[in-house]
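**Student:** Coordinates for the following, if possible.
(2 chains)
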Protein chains: 2
Amino acid sequence: MTVLILTCEEDVTADMVVVHLDALGVPVVRLDPADLTGGAALSGEYVHGTFRGHLSAGGRLVSLSGLRSVWVRRPGTPAARAAEPSAWLTEESAQALYGMLRGCDAHWMNHPDAAHRARHKPWQLRLAQHCGLPVPATLITTFPQAAREFAERFPDLVVKPVSGAHPQDPPRAVPTSRVAPDTDFSAVAFGPTLLQRLVAKRADIRLTVAGERMLAARKATPADGDPDDVDVRFAPAATPWRPTDVPPRVATSVRAYLREAGLAYGAFDFAEDGDGIWWFLECNQSGQFGFVEVETGQPIARSVAEWLARPGPERRSRVNGRNTTVP
Amino acid sequence: MTVLILTCEEDVTADMVVVHLDALGVPVVRLDPADLTGGAALSGEYVHGTFRGHLSAGGRLVSLSGLRSVWVRRPGTPAARAAEPSAWLTEESAQALYGMLRGCDAHWMNHPDAAHRARHKPWQLRLAQHCGLPVPATLITTFPQAAREFAERFPDLVVKPVSGAHPQDPPRAVPTSRVAPDTDFSAVAFGPTLLQRLVAKRADIRLTVAGERMLAARKATPADGDPDDVDVRFAPAATPWRPTDVPPRVATSVRAYLREAGLAYGAFDFAEDGDGIWWFLECNQSGQFGFVEVETGQPIARSVAEWLARPGPERRSRVNGRNTTVP
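**Tutor:** Residues are numbered from 1 along each chain as shown, chains lettered A, B, ... in the order given. Below you'll find the predicted structure:
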């Protein structure tokens, strides 16, 4: 049975996984939805209560019933590279492709519904709390007075986007920034603002989970670092990422988080404080792992490949995204 | 406890429901996400493992823990009416509002995740088959040869969009059309095409379901009608909508469909053939019901109001969208 990888051509992280799938002898079809309806094609037939679907990409034809897993990596916008692209063709192609794939039996990393839900940061914070992960005190508000009161209770704050990346083209990551003590919060009325207690961190933690496999990396905060460099993505890389162990309580909570979220893959960011507590910052369901693997040597790509290569699914419900087992 | 209605100002169908909620003595807050962050405001605090959220609209403040239900009717684009609208502000506001609401305990009609999934027509067809509803033979394809072979097996066909409405501004419904016998299918290669066996219908059926309540209406096909008028939305209204009974087997299947789909509301379209069989065409999770209520006198708005007014939720999981009961 085949592994379907939905990603764009330039995705080199997917290449890392394909190497391992090849080594495992598992057939792979790589499809960029942007190639519909040029280099990629689809067909599905609903006749007499049955469904038969096929996909074709890179000269290979695969039956939807022959898929063991689907890896949604960095898929392009459907039909973006069509001869005459349009919003209508994109919508038709998206609905046809993902609508049909939703009817297949494969394991998903990650299922589109779970992925969509998991992007909501307010929901992430609530779920992390629910699963027993320590979450720094956080406020999301459009009330300036609420922001002022929060800043009185938690004087050392950071501000970060609610939604993640700025939707320009290409999307731009917005850094987490420290809030100055004399900040005027009146502009909060013009847009939802996420304020969070600054964790006095001694390290950043990136915990990558692929199926049951957890791989944590730690980047120590330099003692002489600028205290305003709160966002590890933008700080000077003075110290390297190094493999580290996952505390058992964190592992239990992270497993609960992924189970509740219905995710097979997640990249968790934590701030480690002076007592060694890992404070939950976020879980990116499609977080990059190439940079950690390169720096730590941890076998993340292989773990992803092994998960995708698992034996074909049991007979599960074909119609919902919850992978419930049909009795 | 309060009913939250997410809809735009001009939504008169919501007004019909509000009248019934008022009569039931249930407090209502009506919020258009487009009014963020002018007429509407939000705040949510995550401190010491707890979550407290508030919404404000139309001069009323409501606690998220005080919501009994959320009706997602015709919400505007978040922050569309802000003083300085932008894609970034829309994204931030959408994530803040829906991200927080996902953490509340309320009943949803319909939950955004279920609503999103339910829009995929290929998924609808598969689920309808799975639930025992008769589905006319359907092909969705970009292979001209598959279209030709399908047309040989089922000579009388209609073509319809895979995705629903054309995304122009305002969106435009695309009619279902009959396929001429001598059609050249080579253009199928340029965009996914949905072909379906034409049901020789003697009536159109609209079955509206709100919670446990099913209300069916039937519109007889005029004997002297134009055989090319296959889409009831665009055909001349020669005959009226009249209430009709739901065959018990259909009722059982429809209940299973909504349960699997996680929907509290659905508007089903069927074609009734000469033998009285109801053929599933689609289920619109946000389908209009005003026109049926006006023409048939069926109490759809009241049924929606009664569902929304149900006593506050049991203590269910606050973190996922599946309304699972917490033990």
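**Student:** Name all residues that make contact with residue A:7.
**Tutor:** By C-beta atoms under 8 Å, 6 or more residues apart in numbering or on different chains, residue A:7 lies in contact with A:14, A:30, A:32, A:71, A:73, A:74, A:75. For every residue, glycine as well, the C-beta is placed using N, CA and C.
**Student:** pretty sure the fifth one is touching residue A:4, no?
**Tutor:** No - shown here, residue A:73 and residue A:4 do not form a contact pair, counting by C-beta atoms under 8 Å, at 10.6 Å.
**Student:** Could you check the pLDDT of residue A:103?
**Tutor:** You'll see residue A:103 listed with a pLDDT of 86.
**Student:** quick one: the residue lying closest to it once chain neighbours are set aside and residue B:209, what's the gap?
**Tutor:** Leaving aside its sequence neighbours, residue A:103 sits nearest to residue B:126 (C-beta to C-beta, 6 or more residues apart in numbering or on different chains; 4.0 Å). As judged by C-beta to C-beta, to the nearest Å, residue B:126 and residue B:209 stand 19 Å apart.
**Student:** related to what we said a few turns ago, and of the contacts of residue A:7, the nearest to chain B?
**Tutor:** residue A:32 (14.8 Å; C-beta to the nearest C-beta).
**Student:** And that closest one, its phi and psi?
**Tutor:** As for residue A:32, its main-chain torsions (degrees, to the nearest 10) stand at phi -100, psi 120.
**Student:** can you pull the contacts of it?
**Tutor:** Contacts of residue A:32 by C-beta under 8 Å, 6+ apart are A:6, A:7, A:8, A:9, A:39, A:40, A:57, A:75, A:76, A:81.
**Student:** Can I get the helix or strand harbouring the residue nearest to residue A:103 in PDB, CA atoms only?
**Tutor:** Assigning secondary structure by DSSP states H and E places residue B:126 in helix B:121-130. C-alpha atoms of helix B:121-130 as PDB (Å, rounded to 0.1, in the frame of the first residue of the first chain):
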ATOM      1  CA  LYS B 121     -19.900  17.200  -1.600                       C
ATOM      2  CA  PRO B 122     -17.700  14.000  -2.300                       C
ATOM      3  CA  TRP B 123     -17.800  13.400   1.500                       C
ATOM      4  CA  GLN B 124     -21.600  14.000   1.600                       C
ATOM      5  CA  LEU B 125     -22.200  11.400  -1.100                       C
ATOM      6  CA  ARG B 126     -20.000   8.800   0.700                       C
ATOM      7  CA  LEU B 127     -21.700   9.500   4.000                       C
ATOM      8  CA  ALA B 128     -25.200   9.300   2.400                       C
ATOM      9  CA  GLN B 129     -24.300   5.900   0.900                       C
ATOM     10  CA  HIS B 130     -22.900   4.800   4.200                       C
END
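**Student:** in that helix, what counts as buried?
**Tutor:** Using 16 or more other C-beta atoms under 10 Å in any protein chain shown as the test for burial, helix B:121-130 gives B:121, B:122, B:123, B:124, B:125, B:126, B:127, B:128, B:129, B:130.
**Student:** Can you name every helix or strand that that helix contacts?
**Tutor:** Secondary-structure packing of helix B:121-130 (3 or more C-beta pairs under 8 Å, 6 or more residues apart in numbering or on different chains; DSSP states H and E): strand A:40-47, strand A:50-57, helix A:87-101, strand B:138-141, helix B:248-261, strand B:278-284.
**Student:** What about the spatially closest residue to residue A:203 that is not a sequence neighbour? Give its phi and psi, please.
**Tutor:** Once flanking residues are discounted, residue A:203 sits nearest to residue A:272: 4.2 Å by C-beta to C-beta, 6+ apart. Torsion angles at residue A:272 (phi, psi; degrees, to the nearest 10) stand at phi -90, psi 120.
**Student:** Of the buried residues of helix B:121-130, which is the nearest to chain A?
**Tutor:** residue B:122 (3.2 Å).
**Student:** Just give the number of residues close to the residue nearest to the closest one when sequence neighbours are not counted.
**Tutor:** With sequence-adjacent residues excluded and distances taken as C-beta to C-beta, 6+ apart, residue B:122 is closest to residue A:99, at 3.2 Å. Using other C-beta atoms under 10 Å in any protein chain shown, residue A:99 has 24 other residues around it.
**Student:** Residue A:99 reaches residue B:164, doesn't it?
**Tutor:** No - counting by C-beta under 8 Å, residue A:99 does not reach residue B:164; the two are 11.2 Å apart.
**Student:** one step back: now, the contacts of residue A:7 that are in strands?
**Tutor:** Of the contacts of residue A:7, the ones assigned to strands by DSSP state E are A:30, A:71.
**Student:** By neighbours, which of the contacts of residue A:7 wins?
**Tutor:** residue A:71 (27 neighbours).
**Student:** any idea how far it is from residue A:109?
**Tutor:** Counting by C-beta to C-beta, the gap from residue A:71 to residue A:109 is 5 Å.
**Student:** Identify the contacts common to those two.
**Tutor:** Here residue A:71 and residue A:109 have A:304, A:308 as joint contacts, going by C-beta under 8 Å, 6+ apart.
**Student:** Report the helix or strand with the lowest average pLDDT across chain A.
**Tutor:** Among the helices and strands of chain A, strand A:177-178 carries the lowest confidence by mean pLDDT, DSSP states H and E, at a mean of 88.
**Student:** Is that strand positioned near chain B?
**Tutor:** No - Strand A:177-178 stays out of contact with chain B when judged by C-beta under 8 Å from any C-beta of the partner chain, the minimum separation being 15.2 Å.
**Student:** by how many degrees do whichever helix or strand comes after that strand and helix B:87-101 diverge?
**Tutor:** Sequence order places strand A:193-197 as the next helix or strand after strand A:177-178, per DSSP H and E. Counting by axes from the mean of the first three to the mean of the last three C-alpha atoms, to 10 degrees, strand A:193-197 lies at 60 degrees to helix B:87-101.
**Student:** Mind checking the pLDDT average for strand A:193-197?
**Tutor:** Rounded mean pLDDT across strand A:193-197 is 96.
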